[in-house]
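Colleague: The sequence and its predicted three-dimensional model are supplied below.
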Amino acid sequence: MKRVIIFITLAGLVSGCAIGPRYREPMMELPQSYRSYATQQQGEAMINLPWWRVFEDETLQELIREALLNNYDLRAAAARVDEGRALVGVARAQLLPQVDLTSGISRDRNSKDLYPTLERLTSTYTGGFNTTWEMDLWGKIRQAVRTSKAEYLAKDEARKGVMVTIVADVAQTYFTILELDLELDIAKKTLETRKGNLDLFTKRFQGGTASELETSRAAADYEQTAANIPDLERQIAIQENKLSELLGRNPGAIERTALLSQESFTPSLPGSGLPSELLKQRPDIMEAEQLLRAANAQIGVSVGEFMPSINLKNFVGGAGDPPSAVFDSRGYTWSIGGNVDFPLFKGGKNVYRYKAARAQWQQATAFYKQKVVAAFQEVANALVDVEKIQKTREGQEKQVAALKKAAELSRLRYEDGLSSYIEVLDADQQYYEAQNYLARTQGSQVIAYVQLYRALGGGWQVEEGKK
């Protein structure tokens, strides 16, 4: 017994190091700056702002909170995290001795030649505790625990990634609805203007100072605008249904009071250190890194398959015939022992398992690097959108102001007999189209900030008191 205790103690001391490669973060050439990136130094960088400080519209904040509470994709992601946490416990349990309460019965027909003193038929009843323990001398089990833990952390980062997607999708859909609301408002106001043009041309036609061609053209423009209104209402309903799905609701209307032109969305951009911050913040990159850690640890598990395994097996209990003898002092029995297995020939199974683990590690490395490159591309694209769309909007605002004045002047000139009806209708048509282009640009500008926030990995933070 002393020898057994000494052996177990020494084995525990020897098992201090886990076999397998040490994890090292892949080396990558990261960009130091972005094209078309005008740095804003003032204020906090958007990358450090939680979503409730980026999206200051109270209605939008409530919608995001509802989505984070009720969205079914997020609930499924949270359940996967719980699964991963439980699987870590399953893997860690292999480090400990396994104890079973056992009982058994056997009926034997004995050989009179081998056992002449025994009865021809005998029964044996047993009951007690079985203990088994695989000693983790080479760290194979601990590497399996590291694999499970990294996979669990990857699932948690994936959950954060779902949160990023939900926050961005809710914000983008909300701003799309506001942009369509603005287009609908423009269409209704234009319809009133064109109704006035139609009335004016009709009166002049009835007075004999205008042709039927003028009233027909004015009527066509009026009906065209009237037809745009139900199409815009259709698009709004589709976007509301999409947002309802994100909120975990049945399809329905979305209450809102804000106008797109009232949206103030001007958080300052990161000043410096964007690449390193990006790598730390984006959940999908962190998920890819955890999967790489898991693949690295799995190589250690496969290496451990080449090493000897030591298994201790113990039994404490009773045995006898009849069953009552199991609980009698005369039936008390115990055994302690173990076995050492050294793999010699497995048909190449361990070799191929190691090669597969190495290939999985290479896949995880490529996946990680691809995620990093894609992240920088998304940020670069979003930064270009933010800068260029702003300039586009500035030009379109000046265009709309000029066309508004032109439409007013053309109507006055027509009423004074200084221009034809074509000038009035063309000016009105150009003004209407320019307003719609500006509305779409305003929506694109706000959505560009949403895409930048998504690309920077924002949106996964949890409000204090909301966990």
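Modeller: That came through, no problem.
Colleague: so where's the protein uncertain?
Modeller: 1-17, 31-47, 262-280, 465-467 (pLDDT under 70).
Colleague: Which parts of it are helices?
Modeller: Secondary structure of the chain (DSSP state H): helices located at 2-14, 51-54, 58-70, 72-93, 140-206, 212-246, 274-281, 283-304, 349-415, 421-455.
Colleague: who does the last one touch, helix- and strand-wise?
Modeller: Helices and strands touching helix 421-455, by 3 or more Cβ pairs under 8 Å, 6 or more residues apart in numbering; DSSP states H and E, are helix 140-206, helix 212-246, helix 349-415. In this view, the C-beta of every residue, glycine as well, is placed from N, C-alpha and C.
Colleague: before we move on, back to that, now the helices of the chain as a markdown table including mean neighbour count and distance to residue 117?
Modeller: Output for the helices of the chain, formatted as a markdown table (neighbours: other Cβ atoms under 10 Å; distance: least, Cβ to Cβ, whole Å):
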| stretch | mean neighbour count | distance to residue 117 |
| --- | --- | --- |
| helix 2-14 | 11 | 33 |
| helix 51-54 | 18 | 84 |
| helix 58-70 | 17 | 76 |
| helix 72-93 | 15 | 46 |
| helix 140-206 | 21 | 46 |
| helix 212-246 | 17 | 80 |
| helix 274-281 | 18 | 77 |
| helix 283-304 | 22 | 48 |
| helix 349-415 | 16 | 47 |
| helix 421-455 | 20 | 83 |
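Colleague: Can you say which of those helices is nearest to residue 115?
Modeller: When the helices of the chain are compared for distance to residue 115 using Cβ to Cβ, the nearest one is helix 2-14, at 30.9 Å.
Colleague: re the thing from before, nearest approach to residue 314 belongs to which of the helices and strands packed on helix 421-455?
Modeller: Nearest of those to residue 314, taken as Cβ to Cβ: helix 140-206 at 19.0 Å.
Colleague: check contacts around residue 424.
Modeller: 197, 407, 410-411, 414 (Cβ atoms under 8 Å, 6 or more residues apart in numbering).
Colleague: What about residue 27, how many residues nearby?
Modeller: By other Cβ atoms under 10 Å, the residues close to residue 27 number 7.
Colleague: now the closest residue to residue 353 other than its chain neighbours: how far from residue 357?
Modeller: Nearest residue to residue 353, sequence neighbours excluded (Cβ to Cβ, 6 or more residues apart in numbering): residue 302, at 4.9 Å. The spacing between residue 302 and residue 357, counted by Cβ to Cβ, to the nearest Å, is 4 Å.
Colleague: cool, residue 75 as well?
Modeller: 33 Å.
Colleague: next one: residue 286
Modeller: Per Cβ to Cβ, residue 286 is found 22 Å from residue 357.
Colleague: was I right about residue 367 contacting residue 291?
Modeller: Yes: contact criterion Cβ atoms under 8 Å: residue 367 and residue 291 qualify, at 7.0 Å.
Colleague: coming back round to it: quick check: of the contacts of residue 424, which lies closest to residue 169?
Modeller: Nearest member of those to residue 169, counting by Cβ to Cβ, is residue 407, at 38.0 Å.
Colleague: and the nearest residue to residue 301 once chain neighbours are set aside, what is it in contact with?
Modeller: Leaving aside its chain neighbours, residue 301 sits nearest to residue 143 (4.7 Å; criterion: Cβ to Cβ, 6+ apart). Residue 143 makes contact with 18-20, 297-298, 300-301, 304, according to Cβ under 8 Å, 6+ apart.
Colleague: go with 10 Å
Modeller: Applying Cβ atoms under 10 Å, 6 or more residues apart in numbering to residue 143 gives the contacts 18-20, 91, 136, 296-304.
Colleague: Over to residue 111?
Modeller: 118, 120.
Colleague: let's have the chain start at 764 instead
Modeller: I'll keep to 764 as the first residue from here, and by that count the last item is residue 874.
Colleague: With residue 1082 as the reference, measure out to it.
Modeller: Between residue 874 and residue 1082 the computed distance is 20 Å (Cβ to Cβ).
Colleague: same question, residue 1128
Modeller: 56 Å.
Colleague: ditto for residue 826
Modeller: Residue 826 sits 69 Å away from residue 1082, going by Cβ to Cβ.
Colleague: cool, residue 970 as well?
Modeller: According to Cβ to Cβ, residue 970 stands 120 Å off from residue 1082.
Colleague: Which of these two has more residues huddled nearby?
Modeller: In terms of neighbours (other Cβ under 10 Å), residue 1082 is the more surrounded of residue 970 and residue 1082; the figures are 16 against 8.
Colleague: Name the nearest residue to the more buried one, sequence neighbours excluded.
Modeller: Nearest to residue 1082 is residue 889, by Cβ to Cβ, 6+ apart, at 4.5 Å.
Colleague: so that neighbour bridges to which residues?
Modeller: residue 867, residue 1082 (DSSP bridges).
Colleague: quick one: residue 1089 from residue 888, how far?
Modeller: Note on residue 1089: its distance to residue 888, by Cβ to Cβ, is 5 Å.
Colleague: Mutual contacts of these two, please.
Modeller: 866, 1081-1083.
Colleague: Need those residues in JSON lines (columns: distance to residue 878).
Modeller: As requested, the shared contacts of residue 1089 and residue 888 are exported to JSON lines (distance: Cβ to Cβ, whole Å):
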{"residue": "866", "distance to residue 878": "25"}
{"residue": "1081", "distance to residue 878": "22"}
{"residue": "1082", "distance to residue 878": "17"}
{"residue": "1083", "distance to residue 878": "17"}
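Colleague: Quick check on those: which are buried?
Modeller: Buried members of the shared contacts of residue 1089 and residue 888, counted by 16 or more other Cβ atoms under 10 Å: 1081-1083.
Colleague: I'd like the residues you listed laid out as CSV, including distance to residue 1156.
Modeller: Shown next, in CSV, are these (distance: Cβ to Cβ, whole Å):
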residue, distance to residue 1156
1081, 87
1082, 88
1083, 92
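Colleague: check contacts around the nearest residue to residue 930 once chain neighbours are set aside.
Modeller: The shortest distance from residue 930 to any non-neighbouring residue, by Cβ to Cβ, 6+ apart, is to residue 1222 (3.4 Å). By Cβ under 10 Å, 6+ apart, the contact set of residue 1222 is 813-814, 817-818, 827, 831, 923-934, 1046, 1213, 1216.
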